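J.: sequence below, structure please.
(chains A, B and C)
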Amino acid sequence: MRAPKSATASQLVEAAADVLVRVREHGPRVHCITNTVAQPFTANMLLALGAVPSMTIAPAEIASFVTRADALLVNLGTLDPERREACEIAISEAGAAATPWVLDPVFVDRSEPRAAFAKALLAKDPPAIRLNAAEFATLAGDDAQGDALARFAREAGMVIALTGASDIVDDGMRRAVIANGDALMGKVTAMGCAASAFVAACLAVERDPWRACAAGLVMLGVAGEVAASRARGPGSFAVEIIDAVHHLDRATLVERARVT
Amino acid sequence: MRAPKSATASQLVEAAADVLVRVREHGPRVHCITNTVAQPFTANMLLALGAVPSMTIAPAEIASFVTRADALLVNLGTLDPERREACEIAISEAGAAATPWVLDPVFVDRSEPRAAFAKALLAKDPPAIRLNAAEFATLAGDDAQGDALARFAREAGMVIALTGASDIVDDGMRRAVIANGDALMGKVTAMGCAASAFVAACLAVERDPWRACAAGLVMLGVAGEVAASRARGPGSFAVEIIDAVHHLDRATLVERARVT
Amino acid sequence: MRAPKSATASQLVEAAADVLVRVREHGPRVHCITNTVAQPFTANMLLALGAVPSMTIAPAEIASFVTRADALLVNLGTLDPERREACEIAISEAGAAATPWVLDPVFVDRSEPRAAFAKALLAKDPPAIRLNAAEFATLAGDDAQGDALARFAREAGMVIALTGASDIVDDGMRRAVIANGDALMGKVTAMGCAASAFVAACLAVERDPWRACAAGLVMLGVAGEVAASRARGPGSFAVEIIDAVHHLDRATLVERARVT
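T.: Residues are numbered from 1 along each chain as shown, chains lettered A, B, ... in the order given. Coordinates of the predicted model:
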């Protein structure tokens, strides 16, 4: 038997289920600047969710795509010069059109130039950032513990979606902890990138970025649990999670969400 | 019970089965300029069909690859400057060697610069173009209805392979309608790109580009139906369709083809 | 019943099992310069093995990644100018840090400029090179038969890991022949690239590059056989082999290895 949810947590889970339904209905276009390793899996995960991905980074045409998109993902993996330029153009275009975007500062803990670039992008006020603990520590100069997340979110004026064994979504005033997911998620490349893509899809249909972030991570975590119950390893898990996202519905989400 | 096929449709299905057998026998080399999202799936689909894919776009070496290839795919996804340059070199090389090629103008409806580039490539006389209705409307300035396809094919002097709920292959004088396929094909990234890659593989072994286009789309559509009967969602579908292509044979193709 | 192994072959298989255990324990970081077609599969195969892949080629940051890596893979697929520059920087960095690396000269038989570049990299003394017979013939100017492999290895001062129906690992003085694997491995894109990535992961935890190469190829071959027993075609095979690598353990490796 599951622990009873607090009133706020229950409301958030219901809100996440509403967001899922809206993504299915509206089929938001999500333009993804993402690394070449993550592109196929991210595209298939977004399609399974009901969103419509596009992925060009060509300077001549990225503005055309972002203008027509409902949300933008800026993932810093494989950050070559063309991707940097694409980020600048896309974020400027998103700002002009009030299109929501999410920053995914992949592996900033491994590369000083990438960390510096990520910090410059933080100054452009993304509504949300999705990262792991090592990446947070690099950007915040602080461990992802205690009040550090809330402080960083408050000062930066954005929602932090920190993924790990449990996920934490904090906007400086509100915090949700999501206990869904499975260890196999860490054994499939681009799973974190897909988490950020889900956040982007949810931002397209939900104005409160804290709710959008929580919704995206709950969807992925629940789908991950369903997939884990059928998978025999990370190869079949990567297949099963796409199927699970495709079949994810309000009832499954509400039943399985473990949010506090 | 299936509807009896007309004499011409039956002949086309037999021709498609012949093309399949020739692809298996000859293992044509297909050089693919294609977007980074589509590369792994396209390569695996071509390998399952019995073709041998290569995918470099480096200006210094693409001519070496195209010279040794039996067909060329020019897919405009993720159209960065290097890809544009690769297209120019590859098409010139293919022209010099009389190597057949197919144009896939992915997402030209989303990007004016890409549409302009696609129109410039159309002037280089590809034997065939594979696209969807939105892409056709952008290039033709006309809806993909009534006689518009035939008119465009006639004026451009090429075969149009239009994919959708049903596929239409039209060279201005002959038209085939292919009713195979499954809705899950629209939920897997790069499925259209794979369709174009199949057309390229068929062009390598069949001189009549109308037959080659029809053959490629029938193969993919039949494999899609076999896969759908085994899949539980788009994740497993993407796996099953590769297996189905691998096992596709003359008997299955002829039995399941729904061509008019 | 399997043929009894010779004393040396048994020792090598035990050494390979030790290497597997060490990869699982240490989780070496493997930086991969590899082609965009191979990136997702290579990353997932390395994760399944217990290694931690990274894949950027951006000139500004590749040194940061290589400095923090335990081994380097240099794969020449889709060899655009940026990849060439990345190779130079990465190999220089690996040399300075005494980080082991492996060269994978994909498709040098198809492109003269790529072959020339591969020869220039050979002069930078990689501990190991992983290739197929056509690629060897291009680089060595000699068929991969008789004593040609040993001679080349001796003169170049490196280990040759030649994959094919059987794999041969030769350092000029010692030779191992590995009879594991399955024909479906040739029907999945990036399988050779994954073989090289496994060699890189093994080089990170085993000082003798001949043993490291043999260990990597035995692991892949055994996993391939396990996968083939469950797969229905190349699509499901690509999934099953990731699961098989994930579950590969000392007992399975020793039981199934066919090394002479």
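
J.: now do the strands in the stretch 51-200 of chain A.
T.: For the stretch 51-200 of chain A, strands defined by DSSP state E, counting those that start in this stretch occupy the ranges A:52-54, A:71-75, A:101-104, A:128-131, A:159-162, A:167-170, A:175-178.

J.: which positions in the stretch 101-250 of chain A make contact with chain C?
T.: With CB under 8 Å from any CB of the partner chain as the criterion, the stretch 101-250 of chain A comes near chain C at residues A:107, A:110-114, A:187-190, A:231-236, A:238-239. All C-beta spots, glycine's among them, are computed from the backbone N, C-alpha and C.

J.: outside of stretch A:78-86, which residues touch it?
T.: A:33, A:35-37, A:57-59, A:62, A:76, A:111, A:113-114, A:117, B:80, C:55-61, C:82 (CB atoms under 8 Å, 6 or more residues apart in numbering or on different chains).

J.: just confirm A:His31 is within a helix.
T.: No. Assessed with DSSP: H, G, I helix; E, B strand; the rest coil, A:His31 is strand; it does not lie in a helix.

J.: hmm, it is touching A:Cys87, no?
T.: No. At 11.6 Å, A:His31 does not count as touching A:Cys87 under the criterion of CB atoms under 8 Å.

J.: of these two, who's got more company?
T.: A:His31 (31 against 25; other CB atoms under 10 Å in any protein chain shown).

J.: nearest residue to the more buried one in space, please, no chain neighbours.
T.: Distances taken as CB to CB, 6 or more residues apart in numbering or on different chains place A:Ala69 nearest to A:His31, at 4.0 Å, with adjacent residues excluded.

J.: could you measure from the one you found over to A:Ser54?
T.: 7 Å (CB to CB, to the nearest Å).

J.: run through the residues that contact A:Val23.
T.: Contacts of A:Val23 by CB under 8 Å, 6+ apart are A:Leu49, A:Gly50, A:Ala51, A:Ala201, A:Cys202, A:Ala204, A:Val205.

J.: okay, now A:Leu12: neighbour count?
T.: 24.

J.: sorry, back to before: now the strands of the stretch 51-200 of chain A in a markdown table, with mean pLDDT?
T.: Formatted as a markdown table, those follow (pLDDT from 0 to 100):
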| stretch | mean pLDDT |
| --- | --- |
| strand A:52-54 | 97 |
| strand A:71-75 | 98 |
| strand A:101-104 | 98 |
| strand A:128-131 | 98 |
| strand A:159-162 | 98 |
| strand A:167-170 | 97 |
| strand A:175-178 | 97 |
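
J.: pick the most buried one from these.
T.: Mean neighbours per residue, mean count of other CB atoms under 10 Å in any protein chain shown, is largest over these for strand A:101-104, with a mean of 29.

J.: if you count contacts, what does that strand end up packed against?
T.: strand A:71-75, helix A:81-97, helix A:112-122, strand A:128-131, helix A:191-203 (3 or more CB pairs under 8 Å, 6 or more residues apart in numbering or on different chains; DSSP states H and E).

J.: got the contact list for stretch A:196-205?
T.: Applying CB under 8 Å, 6+ apart, the set of residues contacting stretch A:196-205 is A:19, A:22-23, A:26, A:28-30, A:32, A:34, A:42, A:45-46, A:49, A:51, A:53, A:70-73, A:75, A:100-102, A:104, A:127-128, A:130, A:161, A:209, A:211-213, A:215-217, A:219-220.

J.: which SSE is the spatially closest residue to A:Thr189 that is not a sequence neighbour in?
T.: Once flanking residues are discounted, A:Thr189 sits nearest to C:Ala43: 3.7 Å by CB to CB, 6+ apart. C:Ala43 is located in helix C:39-49, with elements delineated by DSSP states H and E.

J.: before we move on, the earlier item: tell me the pLDDT of the residue nearest to A:His31.
T.: Listed pLDDT for A:Ala69 reads 98.

J.: number of nearby residues for it?
T.: 28.

J.: wait, it touches A:Pro53, no?
T.: No. Contact criterion CB under 8 Å: A:Ala69 and A:Pro53 do not qualify, at 9.6 Å.
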